[in-house]
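Enquirer: structure for this input, please:
(2 chains)
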Amino acid sequence: DQQVKQNSPSLSVQEGRISILNCDYTNSMFDYFLWYKKYPAEGPTFLISISSIKDKNEDGRFTVFLNKSAKHLSLHIVPSQPGDSAVYFCAASPKGGADGLTFGKGTHLIIQP
Amino acid sequence: KAGVTQTPRYLIKTRGQQVTLSCSPISGHRSVSWYQQTPGQGLQFLFEYFSETQRNKGNFPGRFSGRQFSNSRSEMNVSTLELGDSALYLCASSLTGTGGYNEQFFGPGTRLTVL
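Expert: Numbers count the residues shown, from 1 in each chain, chains lettered A, B, ... in the order given. From the prediction side, this is the model:
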């Protein structure tokens, strides 16, 4: 049973527009959430994180929103740039991290010129 | 600051053999976690080592084991390899590990192919 779900395997966005990537989770014990970006043949690169005591965290062009009641988080990228084309993974960790990071299956973001 | 390094980058083995993968974390990081990435299952947590002790373990058989040395470098061992063990094995390091609010930094991975 997938505890972290990214329901869109791919997303195509025009350069300069906003990219919104979504993630849902089922485990109410998760209290720390992260987004990673991955290029082919490379390891995931950390982008941004949020703890459950917040509902928003911003870092430059990247903003993560957390809706605990809906068990939903989203990553907003504004404006989208060609270099943002990659696979984006949502990950979650429970307090204490007993199960390591639980990852979603990823969303392939394609930025079109 | 040097990132997480993993060796070797590519490995081909046959069924029944064993393999050892190595990971050097970012300097100062004491936690090393290992993940397996496959097309079907995605990224799955194997185990985490902190100060030479296994602190957390995922749902993998005992054929998968690891250790951490006093300099925080870590090795992962898979014995009696099966075809299904073909995957990208990723190592991640962090300051305090998954229990705290610290992001994990990943290495480039070791691509293991079992024939």
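Enquirer: can you pull the contacts of residue 75?
Expert: No chain specified, so I'll use chain A. A:19, A:20, A:21, A:23, A:35, A:47, A:48, A:62, A:63, A:64, A:88, A:90 (C-beta atoms under 8 Å, 6 or more residues apart in numbering or on different chains). For the C-beta atoms, the positions are set from N, CA and C on the backbone; glycine is no exception.
Enquirer: please refer instead to chain B.
Expert: B:20, B:21, B:22, B:23, B:66, B:67, B:69.
Enquirer: inside strands: which ones of those residues?
Expert: Mapping these onto strands (DSSP state E) picks out B:20, B:21, B:22, B:23, B:66, B:67.
Enquirer: who does the third one form a beta bridge with?
Expert: Read that as residue B:22. residue B:7, residue B:75 (DSSP bridges).
Enquirer: show me the contacts for the nearest residue to residue B:24 once chain neighbours are set aside.
Expert: Among residues not flanking residue B:24 along the chain, residue B:5 sits closest, at 4.7 Å (C-beta to C-beta, 6 or more residues apart in numbering or on different chains). The contact partners of residue B:5, by C-beta under 8 Å, 6+ apart, come to B:23, B:24, B:107, B:108.
Enquirer: want to throw these into CSV with distance to residue A:2, pLDDT and neighbour count?
Expert: Shown next, in CSV, are these (distance: C-beta to C-beta, whole Å; pLDDT from 0 to 100; neighbours: other C-beta atoms under 10 Å in any protein chain shown):
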residue, distance to residue A:2, pLDDT, neighbour count
B:23, 27, 98, 27
B:24, 32, 97, 21
B:107, 25, 96, 25
B:108, 26, 95, 17
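Enquirer: contacts (any at all) between chain A and stretch B:38-55?
Expert: Yes - using C-beta under 8 Å from any C-beta of the partner chain, stretch B:38-55 comes into contact with chain A via B:42, B:43, B:44, B:45, B:46, B:47, B:48.
Enquirer: so which helix or strand takes in the fifth one?
Expert: Mapping residue B:46 onto the secondary structure by DSSP states H and E places it in strand B:42-50.
Enquirer: go through the helix or strand that that strand is followed by and flag the buried ones.
Expert: Next helix or strand after strand B:42-50 toward the C-terminus (DSSP H and E): strand B:53-57. Buried residues in strand B:53-57, counted by 16 or more other C-beta atoms under 10 Å in any protein chain shown: B:55, B:56, B:57.
Enquirer: show me the contacts for the last one.
Expert: This means residue B:57. B:46, B:47, B:48.
Enquirer: from the residues you listed, which is closest to chain A?
Expert: Checking those against chain A by C-beta to the nearest C-beta gives residue B:48 as the nearest, at 5.8 Å.
Enquirer: what is that closest one paired to in the beta sheet?
Expert: Assigned bridge partners for residue B:48, using DSSP bridges, are residue B:33, residue B:56.
Enquirer: my read: it touches residue B:66, true?
Expert: No - counting by C-beta atoms under 8 Å, residue B:48 does not reach residue B:66; the two are 9.1 Å apart.
Enquirer: more neighbours: which of the two?
Expert: residue B:48 (30 against 22; other C-beta atoms under 10 Å in any protein chain shown).
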